[in-house]
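> Quick one, structure for this:
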Amino acid sequence: MRKAFMCVALAFIGALHTLAKDVVDYVNPLVGTESKFELSTGNTYPAIAMPWGMNFWMPQTGRMGDGWAYVYWHDKIRGFKQTHQPSPWINDYGQFSIMPETGEPVFDQDKRASWFSHKAEIAKPYYYRVYLADYDVVAEMAPTSRAAIMRFTFPETDKANIVVDAFDRGSHIQVLPEKNMIIGYTTKNSGGVPSNFKNYFVVQFSKPFTYRATVTNGNIAEGKLEAKENHVGAIVGFNTKRGEQVLVRVASSFISPEQAMLNLKELGNNSFDQVAEQGRKTWNETLSRIEVNDPNVDHLRTFYSCLYRSVLFPRSFYEIDAKGNTVHYSPYNGEVRPGYMFTDTGFWDTFRCLFPFLNMMYPSMNDKMQEGLVNAYLESGFLPEWASPGHRGCMVGNNSASIVVDAIMTGRKGYDKDKLWEAVLHGANSVHPQVKSTGRDGFELYNKLGYVPCDKLSQSVARTLEYAYNDWCIYTMGKALGRPEKEIKIYAKRAMNYRNVFDPSLNLMRGKDSNGKFETPFNPTDWGRSFTEGDTWHWTWCVFHDPQGLVDLMGGRDNFIHMMDSTFIVPPVAKEHMIHEEREMQVMNMGQYAHGNQPIQHMIYLYNYVAQPWKAQYWLRQVMDKLYSANPDGYCGDEDNGQTSAWYVFSALGFYPVCPGSNQYVLGTPYFKNVKLHLEGGKTLDITAQNCSTENKYIQTMTLNGATYDKNYITYNDVMKGGSILFNMGATPNKQRGTKPDAAPYSFSVKAKKSKK
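Numbering: from 1, shown residues only. Here you go, the predicted structure:
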């Protein structure tokens, strides 16, 4: 009995070791897929892809063109789609799908759809498998960055078919029986592309065709090998024995059909299992940069699922040509140009912590992304603000400045920083002629009045607050590049423009018209008007670069703390017609704290600026415990290109970049007993939280490399040097730690006062 017990114990220990080693096994790509238009629990889809891959693959349950392309509660699959969709609101481009079936050939997406069950579904970042019940077919797929391999296990039949759907809005397809191949292109997109945009694809089969047909606008033409129309596709057929597997190798290119064939070589001669294993290895290496040791498996599943989402976007939009050179099709001018390009990210979301996270854990990737920004500027005259794949009209702000300055301040290299300086100055003082959210809409009024007036432009307070922070970014970047003071001092002045939309009678931000009068009527809980996807309770805190200045505007710490506390108390107002972000805030029972949308996600950390860090520790645990999980409803709003996921990753480590560009991380509360950050330079930061538990959420003491540490922030250099952080946790707040004046994190006005002394 004892011997049997020891064997079981050793097996259990071995299993734990395997789980700890293969962290990718914790990831659930289905997190966030239980979403709909009216209420988001992530608005995600299972991205079967490589980290920052050019192409993602997914099972498609939604109809062609539906942004909700995979929804957890759907019960039929229409195809396996190559996708480039960053969100359902932006939708997709360059998409096409592949679907196995048996029986008479069927092309119509509704009629070919097959029932499936999650009980017969396996979803991993590098591998997907599902049973298509209507056809008795097991479908599997495994990706590389620009290619994928599929394996379809058929029953015994003389009518085993595979459909290639090139989608509508202009497509071409050609069946090449002598090569067991289908080639073509799709032009389907949702905007942001030049007139010559095409996604060229090549599909190669492991078995000769016994049937071939092309489809034009729904009409199947047997024996016809080529079609070009609004909506075309192809169907090829085989005779199969029971259990016979047909392999499909597929790749695509935004450059040319020849480049698509080159991209197919990513698969090499590898078998399906070898491609999947290589993908597993790549994901495991990428995710293992952060090594978490904790007994709570559910927490590990949530953490690594969030980490997976944090390294998907921005996607690579470059390819490797026949000579081994890095090239890209420009989504801005339609030319094939040398160098890197990345896309599918909205800086309004991702400047907050996704890009700072890359600078900390994957800096060499952001080196390439910064080169991509240089190329975007050279090819379009502007830095993107929302790219998919080119400029898209979405959101407000000029937050490319934040992306650029945080990269410079954290030492990114290998690209033209002077060209990016030129780009941020241009973007701050102009607006794109067609895409008003690129550059600064209302810049002339902002520069003249010191704010964007609410009677001239919508979302005026949101614009003013973000432009002020963006001006601080430009000033900080200019100083780092050694630009003369006379050139950059105007941006230091404009960085304080947030004060111009502050209403001292309410201690809240409020729209102001061009005559200097505050907007009336005004209800602090009304969404919209002068605010973007929120109300003043969310936007008042968006003074990332100068929280102490905001404290001063409110009349001091006590008033500031009162307003912070009130955010969790003031109830959301129910309305008949609510946008989904409003509904998501309402149902979470946290007052006006709307974590499901980005503007307020940093707010809890502001308690560290007013000597009450324990309140940040309390509320951060509330958010992590209640609003995140590894289930299909695991988010409390839009996941948004990795931002909401990166918030969890940072916060679980115990710190967060409130002000990108400041090179400071504001302390929160560690979530795990031990975390090791394996940094690119070869150093390791070991973060240990003694006595950490659900109850023990409060930091009692902290040491940095063995020395007592009393500040409410750590620096980028503290992290990158490696070493150790030791937290001692407890169930009650330590109200003495982090309360001295010098414990507060960076504020621009404080630093400016010190510089004048």
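
> State the helix or strand in which residue 379 lies.
helix 363-380 (DSSP states H and E).

> Output that helix as PDB, restricted to C-alpha atoms.
Extracted in PDB, the C-alpha atoms of helix 363-380 (Å, rounded to 0.1, in the frame of the first residue of the first chain):
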ATOM      1  CA  PRO A 363      12.000  44.400 -26.100                       C
ATOM      2  CA  SER A 364      13.600  43.100 -29.300                       C
ATOM      3  CA  MET A 365      10.100  42.700 -30.800                       C
ATOM      4  CA  ASN A 366       9.300  46.300 -30.100                       C
ATOM      5  CA  ASP A 367      12.600  47.300 -31.800                       C
ATOM      6  CA  LYS A 368      11.100  45.800 -35.000                       C
ATOM      7  CA  MET A 369       7.700  47.500 -34.200                       C
ATOM      8  CA  GLN A 370       9.300  50.900 -33.900                       C
ATOM      9  CA  GLU A 371      11.000  50.400 -37.300                       C
ATOM     10  CA  GLY A 372       7.600  49.500 -38.600                       C
ATOM     11  CA  LEU A 373       6.300  52.800 -37.300                       C
ATOM     12  CA  VAL A 374       9.000  54.700 -39.100                       C
ATOM     13  CA  ASN A 375       7.900  52.900 -42.300                       C
ATOM     14  CA  ALA A 376       4.300  53.700 -41.700                       C
ATOM     15  CA  TYR A 377       5.200  57.400 -41.400                       C
ATOM     16  CA  LEU A 378       7.300  57.300 -44.500                       C
ATOM     17  CA  GLU A 379       4.600  55.600 -46.500                       C
ATOM     18  CA  SER A 380       1.600  57.600 -45.300                       C
END
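
> Going by contacts, tell me the helices and strands next to it.
Under the contact criterion of 3 or more Cβ pairs under 8 Å, 6 or more residues apart in numbering; DSSP states H and E, helix 363-380 touches strand 342-343, helix 354-361, helix 400-409, helix 417-428. In short, each C-beta sits where N, CA and C put it, glycine included.

> Identify each buried residue in it, please.
363, 365-380 (16 or more other Cβ atoms under 10 Å).

> ok now do residue 34, which residues does it touch?
41, 42, 71, 72, 73, 631, 632, 633 (Cβ atoms under 8 Å, 6 or more residues apart in numbering).

> What pLDDT is listed against it?
Per-residue pLDDT puts residue 34 at 98.

> Residue 579 now?
88.

> Could you do residue 12 as well?
39.

> Residue 506 versus the spatially closest residue to residue 415 that is not a sequence neighbour, what's the distance?
Excluding its sequence neighbours, the residue lying closest to residue 415 (Cβ to Cβ, 6 or more residues apart in numbering) is residue 371, at 4.1 Å. Distance, residue 371 to residue 506, using Cβ to Cβ, to the nearest Å: 45 Å.

> Same check on residue 573?
Following Cβ to Cβ, the distance that separates residue 573 from residue 506 is 16 Å.

> Same check on residue 729?
38 Å.

> Same question for residue 135.
62 Å.

> out of these two, which sits in the more crowded spot?
Between residue 135 and residue 506, counted using other Cβ atoms under 10 Å, residue 135 has the larger neighbour count: 22 against 14.

> show me where the stretch 451-600 of the chain has helices.
In the stretch 451-600 of the chain, the helices defined using DSSP state H, counting those that start in this stretch lie at 460-480, 485-494, 536-539, 547-553, 557-567, 580-587.
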